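*Asks:* kindly return the folded structure for what I paste below:
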Amino acid sequence: MTKFEIRGVRADVLIGADEREEILKGVDLTINSGETHAIMGPNGSGKSTLAYAVAGHPKYEITAGEVLLDGENVLEMSVDERARAGLFLAMQYPVEVPGVSMSNFLRSSVTAVRGEAPKLRQFSKELQGTMKDLSIESSFAARGVNEGFSGGEKKRHEILQLELLKPKMAILDETDSGLDVDALKVVSEGINRAKANTDVGIMLITHYTRILNYVKPDFVHVFADGRIAESGGPELADQLENEGYERFVKAGAEQ
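*Replies:* Model prediction:
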């Protein structure tokens, strides 16, 4: 069983040429394979900072604590080493990579993670089948990565990567943002397929409960002022839907 452990993590973000601001103020979280943990909280609470800091974004610096994947400290790994170890990040704002076709990008990524290049015919079949499941037109395989894609198309591409790369642990940063109802269902079905097929552990970062109607969380954590303020079961998401985050924001301001 895979275990992903975030222990006492504090992190800064670069906000100027020589100026940094502490965003994460001691985060503790353990996710086991097959579990879905929803991270919910208001804007500016540090949810996305947690995602990017753990994944190794150079703008963020972890100043204390450790992040373990099956006992190995991922903070000692380069970004590509973290990916090969089984850590996956679906970004809130996926970037465009002009000049690199989606099929070549995905085959290169799969090769790096699996350690060997899949046979072209086998990979093409796998790619086209997964694209069909996500309602992505086959012609997109020849297009530049995210180039000219709509927001919903970019998010489907992120889940396409998730299904093909089969990571041990997936961090999904507001994958539901900007999606209409139909796209949300398709993306959610992809997340559920990935979980069913590989038993991946999932950290699902979101503002809203609507994606949780399709991707059922085992645990819900409220993020406020750079730390987890409260944890509970799926019922906590319903409570947040009714009450909002105000009491957590006030509590954080008083600390």
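
*Asks:* now do the contacts for the residue lying closest to N192 once chain neighbours are set aside.
*Replies:* Nearest residue to N192, sequence neighbours excluded (CB to CB, 6 or more residues apart in numbering): V215, at 6.3 Å. Where you see a C-beta, it was placed from the backbone N, CA and C, and this is true even at glycine. Contacts for V215 were tallied using CB atoms under 8 Å, 6 or more residues apart in numbering; they are 36, 188, 191-192, 202, 204.

*Asks:* helix, strand or coil for V110?
*Replies:* helix (DSSP: H, G, I helix; E, B strand; the rest coil).

*Asks:* can you map out the helices along this protein?
*Replies:* Along the chain, counting by DSSP state H, helices occupy 47-55, 79-85, 102-114, 120-133, 151-165, 181-198, 235-243, 246-254.

*Asks:* give me the buried subset of the contacts of V215.
*Replies:* The neighbour-count test (16 or more other CB atoms under 10 Å) marks 36, 188, 191, 202, 204 as buried among these.

*Asks:* any regions of the stretch 101-250 of the chain where pLDDT drops low?
*Replies:* 250 (pLDDT under 70).

*Asks:* ok, now with 80
*Replies:* 249-250 (pLDDT under 80).

*Asks:* now L24: how far from L127?
*Replies:* L24 sits 36 Å away from L127, going by CB to CB, to the nearest Å.

*Asks:* and if you look at G226?
*Replies:* 39 Å.

*Asks:* repeat for V220
*Replies:* V220 sits 34 Å away from L127, going by CB to CB.

*Asks:* who has more neighbours, the two?
*Replies:* V220 (25 against 22; other CB atoms under 10 Å).

*Asks:* list the contacts of that one.
*Replies:* 37-38, 40, 212, 231-234, 236-237, 240.

*Asks:* show me what it bridges to in the sheet.
*Replies:* Beta-bridge partners recorded for V220 (DSSP bridges): A38, G232.

*Asks:* burial measure for T111, as a count.
*Replies:* By the criterion of other CB under 10 Å, T111 has 13 neighbours.

*Asks:* give me the spatial nearest neighbour of it, chain neighbours excluded.
*Replies:* A117 (4.4 Å).

*Asks:* next, give phi and psi for the one you found.
*Replies:* phi -80, psi 130 (degrees, to the nearest 10).

*Asks:* with P234 instead?
*Replies:* According to degrees, to the nearest 10, P234 has phi -60, psi -30.

*Asks:* so what's the nearest residue to it once chain neighbours are set aside up against?
*Replies:* In this structure, P234 finds its nearest non-sequential neighbour in P217, 5.6 Å apart by CB to CB, 6+ apart. Applying CB under 8 Å, 6+ apart, we find P217 in contact with 36-38, 204, 234, 237.
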